[in-house]
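Trainee: need coordinates for the below:
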Amino acid sequence: MPWYHIALSTPLEVGQKTAKEIEGKDVLICRLNEDYYAVANRCTHAAWRLSEESIAGMEIVCSLHGARFDLRDGCPTSGPATKPLATYPVELRNGELYVSL
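Mentor: Numbering: from 1, shown residues only. From the prediction side, this is the model:
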């Protein structure tokens, strides 16, 4: 699997997120504690963009219908969504972020 460098104008602070298009995929990258997570940027219930949604603990909350997803594994923790978000490996290399699709 190829790795893609994620160029950021400023490093993500804890609790921040950013959306990037990588090879035609809309990817949401989040920093929680000292870890980084990358998931599909669309709710699996209604394809709502998650990049503007709030993070509560380890979950992102889709405000359209209230679905919640665990950012660590993409699994829904509250409906109406039943399918998980796609997740992507993230690595921090010499202070630079990389995501594999």
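
Trainee: for Ser20, pull up the helix or strand it's in.
Mentor: One correction, residue 20 is Lys, not Ser. Using DSSP states H and E, Lys20 sits in strand 17-22.

Trainee: now do the next helix or strand after that strand: distance to the chain's middle.
Mentor: Remark: after strand 17-22, the chain's next helix or strand is strand 25-32, criterion DSSP H and E. Put simply, strand 25-32 sits 3 Å off its chain's centre (CA atoms, centre = their mean, to the nearest Å).

Trainee: can you check stretch 38-52 too?
Mentor: Centroid separation between stretch 38-52 and its chain, computed with CA atoms, centre = their mean, is 8 Å.

Trainee: also stretch 1-20?
Mentor: With CA atoms, centre = their mean, you get 10 Å for stretch 1-20.

Trainee: sheet-wise, list the partners of the strand holding Lys20 with their directions.
Mentor: Strand pairing for strand 17-22, determined by DSSP bridges: strand 25-32 (antiparallel).

Trainee: tell me where the chain has strands.
Mentor: 3-6, 17-22, 25-32, 35-40, 54-56, 59-61, 68-70, 76-78, 87-88, 90-93, 96-100 (DSSP state E).

Trainee: number of residues surrounding Asp35?
Mentor: Using other CB atoms under 10 Å, Asp35 has 13 other residues around it. C-beta here means a position set from N, CA and C on the backbone, and glycine is covered the same way.

Trainee: isn't Cys75 right next to Lys83, touching?
Mentor: No: Cys75 is not in contact with Lys83 according to CB atoms under 8 Å; the separation is 9.3 Å.
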